[in-house]
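Engineer: okay, sequence plus prediction incoming.
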Amino acid sequence: MNQFYVTTPIYYVNDKPHIGHAYTTLVADVFARYYRGILGADNVFFLTGTDEHGQKIAEAAKTAGKEPQVFVDEVSEHFKESWELLNISYDYFFRTTDPRHEAFVRDVLQKIYDKGFIYKDKYKGLYCVGCEKYILPDEVVEGHCPLHANKPLEEREEENYFLSLSKLAPRVLEALENDEYRVLPAEKKNEIVSKVRGGIKDISISRAGVEWGVKVPWDESHTVYVWIDALFNYYTATRIVEGKERFWPADLHLLAKDILWFHAFIWEALLLAAEIPFPKAVFAHGFFTIDGQKMSKSIGNVIDPATLVARYGVDGARYLLLTAFPFGNDGDISLSRFDEKFNSDLANGIGNLVSRVATLCEKACLLGLPIPEEPASAASEAFARFYPDEALGHIWEEIRDLDKKINTDAPWKLEDKELKKVIGVYAKVLLRIGVDLSPFLPDTGKQIIDVFTKPAITKPHALFARLEKKQG
Ligand code: MSP
């Protein structure tokens, strides 16, 4: 591999970002930083952005009493601010209201239409505005869609344009089964394969009554269904951002399981129809709840990433989110345990270890070390399988092992020469840990590297200040 292109979903701008969006974006950032370290910054492309068309956004703008464009301009800024706050190093921020993207979507749809993959028909069904999709009768739970209990389903009957998935499905299925594009984790691939084998209905790709969107090129009384418009962002970016053409096909689309179907099947069908190569991998990480409950406005547990940064600092927030639950599985984020974890893993863990070893180095007048060049082998293996959290877990094992080793060695009892030797080993291990930590906790990694590569090693300021109990 000599280049790496990683994407996040483009997030809906009906509301401000929360830690669900932050989680995927953070993981993408870790991948981007890791591969920049190996392949060089020019050979990595990290794309994120916002999904700005459709009924849901138009309704949110109306509620806010703003013109849709004004509204989406404002909310997309909130996403950029949050990513800046979390030290997210995206290379390009994509917005679907970019006129270059709109023109691209029209061109590509026209091409698919001309090739005979799109036709007009009547559609009758139950629509969930929260998901921006039709819900099948067997998916309905107590009168609403499984994800949006607060949004009543709308009964609709309208003329739509349809994508002939039935014509495209056999070839897409073959590609999926042969791993021409990979869907991960493996059990997710199996779910998609079974769903396709179970029979696929054509999907509607236009809306008659939705103004806020890209006009269908051959029939301007329709707008392009927001999901079709949105999926193309991954490809459009490589056409409209200078110098990025070579990055298609994408190496990794990251997302959660809620939108896997669109990414693991519909997207590839569209690409096939448009004669564009498939992406290389689609990874669906788990969906998390907060202290056992779904994140929702009505429950009042929607957490702004800024709240976490205010309490734990940037790297503290990054660490707590990245280690909150196993990457590929569903999980629960236990906020009540965040303080304890911050203290044990960061303040008393890596923070204390760095200060302990640097103090020993200072006493022994140890000189700084050269930066290791090779990436750690455990990390490269975990990244290649798309499980960066395992690489992070491995770093923490090393931290604990080194702590134990120091206690067993009891260096304070050693003679000068022997002392210098063992401390030199500790410093080397910690420098390696600093380098390996950098994609996850960029500032902390940099500080550790600085401490152990300075001409003479001295004790630094505390990396993480221990948290005291919250008041009240
Ligand atoms: N706009 C579409 C995506 C179009 S991509 C071509 C969309 N947007 S969204 O704002 O609803 O974002 C969904 C994504 O946010 C999830 O797939 C996941 O990446 C992230 N998450 C939102 N809540 C989350 C959790 N509670 N847990 C894990 N991921 C979370 O869908």
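Structural biologist: All right, it came through fine.
Engineer: give me the residue from the stretch 51-200 of the chain nearest the ligand.
Structural biologist: Among the residues of the stretch 51-200 of the chain, Asp51 lies nearest to the ligand; the distance is 3.4 Å by Cβ to the nearest ligand atom. From N, CA and C alone the C-beta is placed, and that goes for glycine too.
Engineer: tell me how far the residue lying farthest from the centre of the chain lies from Ile406.
Structural biologist: The C-alpha centroid of the chain is most remote from Glu415, which lies 50.1 Å away (Cα atoms, centre = their mean). Per Cβ to Cβ, to the nearest Å, Glu415 is found 17 Å from Ile406.
Engineer: indicate the residue of the protein located nearest to the ligand.
Structural biologist: Taking Cβ to the nearest ligand atom, the chain has Gly20 as its residue nearest the ligand, at 2.3 Å.
Engineer: can you pull the residues of the stretch 151-300 of the chain lying near the ligand?
Structural biologist: Contact residues, the stretch 151-300 of the chain versus the ligand (Cβ under 6 Å from any ligand atom): 230-231, 233, 255-256, 258-259, 287-288, 295.
Engineer: just give me the neighbour total for the residue of the stretch 51-200 of the chain closest to the ligand.
Structural biologist: 26 (other Cβ atoms under 10 Å).
Engineer: shaky segments in this protein?
Structural biologist: Counting by pLDDT under 70, the chain contains low-confidence ranges at 471-472.
Engineer: show me the helices in the stretch 101-250 of the chain, by range?
Structural biologist: Here the stretch 101-250 of the chain has its helices, by DSSP state H, counting those that start in this stretch, at 165-177, 186-197, 226-231, 233-240.
Engineer: and the ones you listed as CSV, adding mean neighbour count?
Structural biologist: Shown next, in CSV, are the helices of the stretch 101-250 of the chain (neighbours: other Cβ atoms under 10 Å):
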stretch, mean neighbour count
helix 165-177, 17
helix 186-197, 14
helix 226-231, 25
helix 233-240, 22
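Engineer: just send those helices back as TSV, with distance to Gly213 too.
Structural biologist: Below are the helices of the stretch 101-250 of the chain laid out as TSV (distance: least, Cβ to Cβ, whole Å):
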stretch	distance to Gly213
helix 165-177	21
helix 186-197	27
helix 226-231	6
helix 233-240	14
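Engineer: figure out which of those is closest to Ile135.
Structural biologist: Ile135 lies closest to helix 226-231 among the helices of the stretch 101-250 of the chain, at 13.8 Å (Cβ to Cβ).
Engineer: what packs against the closest one?
Structural biologist: With contacts taken as 3 or more Cβ pairs under 8 Å, 6 or more residues apart in numbering; DSSP states H and E, helix 226-231 sits against helix 55-63, helix 99-114, helix 267-273.
Engineer: about what we covered before: could you measure from the residue of the stretch 51-200 of the chain closest to the ligand over to His101?
Structural biologist: Plainly put, Asp51 is 11 Å away from His101 if you go by Cβ to Cβ.
Engineer: ditto for Val27
Structural biologist: 24 Å.
Engineer: what's the answer for Glu397, then?
Structural biologist: To His101, Glu397 is 44 Å away according to Cβ to Cβ.
Engineer: I figured Val196 hits Glu174, correct?
Structural biologist: No - using Cβ atoms under 8 Å, Val196 is not in contact with Glu174, being 10.3 Å away.
Engineer: mind telling me what element the residue lying closest to Gln293 once chain neighbours are set aside is part of?
Structural biologist: Excluding its sequence neighbours, the residue lying closest to Gln293 (Cβ to Cβ, 6 or more residues apart in numbering) is Ile299, at 5.5 Å. Ile299 belongs to no helix or strand when elements are defined using DSSP states H and E.
Engineer: check Gly393 too.
Structural biologist: Gly393 belongs to helix 388-409 when assigned by DSSP H and E.
Engineer: quick one: residues in contact with that helix.
Structural biologist: With contact meaning Cβ atoms under 8 Å, 6 or more residues apart in numbering, helix 388-409 is reached by 27, 30-31, 34, 322-323, 326-327, 345, 349-350, 353, 356-357, 376, 378-379, 382-383, 422, 426, 429-430, 432-433, 436-437, 439-440.
Engineer: now the helix or strand following it, how far from the centre of its chain.
Structural biologist: Downstream of helix 388-409, the first helix or strand assigned by DSSP H and E is helix 416-437. The chain centre lies 34 Å from the centre of helix 416-437; the measure is Cα atoms, centre = their mean, to the nearest Å.
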